[in-house]
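A.B. asks: everything below, folded, please.
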Amino acid sequence: MKSSLRRPSVPCLPSSPSSSSSSSSSSSSPGRRADEKNQDLDVSPVQDQHWEPDSAGDPEPDSAEEVRPPPDGKVETLLAGGQRLLVFSNGTQKEVSADGRTLKVTFFNGDTKELTADRREIYFYAEAQTTHITFPDGVEVLHFPNNQTEKHFPDGRKEIVFPDQTVKNLFPGGREESVLPDGTVIQVSPDGTKEILFITGQKEVHTAGYKRREYPDGTVKTVYADGRQETRYPNGRLRVKDRAGTVVLDSGA
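C.D. replies: Below you'll find the predicted structure:
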């Protein structure tokens, strides 16, 4: 009685340009026939990959299901604390807390994005080493690697804190105000006029046509764009110099 078990036939394998010539010569050589047997034994795993059980067959083992990658390339793992970890095919990872209130995504380029329980969104740019935080009220804060910080407000105002602790505010209408570490305040109007308020009580005004300094005692010195200089004293005295520095008027002389 002949056995009903048969080895999968060789023609199932893809043919190669050298297969036809080698088969004719192998029939006359036992060594070649042994090689062909070994090759035939290697066929079965290839055939098994394409085998599909019918509906009445036994299900595949659980271990086979575990190693088979999901169709979308996403792998989800349930951690001990109830958190979920999802790993995507491009290397991006997403961690979700057990209650679903916090979320952290680590992107393939090193960037991270976090959603906290208090509804803040924290994004970290790996290449720029910059952190961008968005608060529920719409305020945005950026932290730069040089210790500079920016705040963006919903009304359009921006506040910048520089590494030397200078604070600069930019207003929607184009006005600017800076407070230096020593307390000096610099205000710039939309037309370009600049006012500098010193802690000594002095004040400077810069325009396109002149620069003026006002002193606490009432003295006012003005330098015009053409080089002329004018000084007014509290007692009413007026002193004027031309662009060469020559006094052309002194009402108190």
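A.B. asks: okay, CA-based contacts and neighbour counts for the rest of this
C.D. replies: Fine.
A.B. asks: pull the helix or strand with minimum mean pLDDT from the chain.
C.D. replies: Lowest on mean pLDDT, DSSP states H and E among the helices and strands of the chain sits helix 62-67, with a mean of 36.
A.B. asks: which SSE is immediately downstream of that one?
C.D. replies: strand 75-78 (DSSP states H and E).
A.B. asks: check what contacts that following strand and list those residues.
C.D. replies: Strand 75-78 is contacted from outside by 69, 84-88, using C-alpha atoms under 8 Å, 6 or more residues apart in numbering.
A.B. asks: how does it look with 6 Å?
C.D. replies: Applying C-alpha atoms under 6 Å, 6 or more residues apart in numbering, the external contacts of strand 75-78 come out as 84-87.
A.B. asks: what packs against the helix or strand following it?
C.D. replies: Next helix or strand after strand 75-78 toward the C-terminus (DSSP H and E): strand 84-87. Using 3 or more C-alpha pairs under 6 Å, 6 or more residues apart in numbering; DSSP states H and E as the contact test, the elements touching strand 84-87 are strand 75-78, strand 93-96.
A.B. asks: got the CA positions of the first one in PDB?
C.D. replies: Below are the C-alpha coordinates for strand 75-78, written out as PDB (Å, rounded to 0.1, in the frame of the first residue of the first chain):
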ATOM      1  CA  VAL A  75       1.400  47.800  18.600                       C
ATOM      2  CA  GLU A  76      -0.500  48.500  21.800                       C
ATOM      3  CA  THR A  77       0.600  47.400  25.300                       C
ATOM      4  CA  LEU A  78      -1.300  47.600  28.500                       C
END
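A.B. asks: any idea how far it is from the chain center?
C.D. replies: Strand 75-78 sits 26 Å away from the centroid of its parent chain (C-alpha atoms, centre = their mean, to the nearest Å).
A.B. asks: direction included, what does it pair against?
C.D. replies: Using DSSP bridges, strand 75-78 pairs in its sheet with strand 84-87 (antiparallel).
A.B. asks: so where's this protein shaky on pLDDT?
C.D. replies: 1-72, 253 (pLDDT under 70).
A.B. asks: hey, where'd the helices end up in it?
C.D. replies: Secondary structure of the chain (DSSP state H): helices located at 19-26, 30-41, 43-50, 62-67.
A.B. asks: looking at the helices and strands packed on strand 84-87, which is buried most?
C.D. replies: Of the helices and strands packed on strand 84-87, the one with the most neighbours on average (mean count of other C-alpha atoms under 10 Å) is strand 93-96, at a mean of 20.
A.B. asks: what lines up beside it in the sheet?
C.D. replies: Short version: by DSSP bridges, strand 93-96 pairs with strand 84-87 (antiparallel), strand 103-106 (antiparallel).
A.B. asks: please, where are all the strands along the stretch 151-253 of the chain?
C.D. replies: Along the stretch 151-253 of the chain, counting by DSSP state E, counting those that start in this stretch, strands occupy 158-161, 167-170, 176-179, 185-188, 194-197, 203-206, 210-214, 220-224, 229-232, 238-241, 247-250.
A.B. asks: so which of the ones you listed comes closest to residue 112?
C.D. replies: Evaluated with C-alpha to C-alpha, the strands of the stretch 151-253 of the chain place strand 158-161 nearest to residue 112, the distance being 23.8 Å.
A.B. asks: partners of the closest one in the sheet?
C.D. replies: strand 149-152 (antiparallel), strand 167-170 (antiparallel).
A.B. asks: contacts for it, please.
C.D. replies: Contact with strand 158-161 is made by 148-152, 167-170, as judged by C-alpha under 6 Å, 6+ apart.
A.B. asks: out of those, which are buried?
C.D. replies: 148-152, 167-170 (16 or more other C-alpha atoms under 10 Å).
A.B. asks: any idea how far the closest residue to residue 90 other than its chain neighbours lies from residue 77?
C.D. replies: Excluding its sequence neighbours, the residue lying closest to residue 90 (C-alpha to C-alpha, 6 or more residues apart in numbering) is residue 108, at 6.5 Å. In this view, residue 108 and residue 77 are 18 Å apart by C-alpha to C-alpha, to the nearest Å.
A.B. asks: cool, thanks, signing off.
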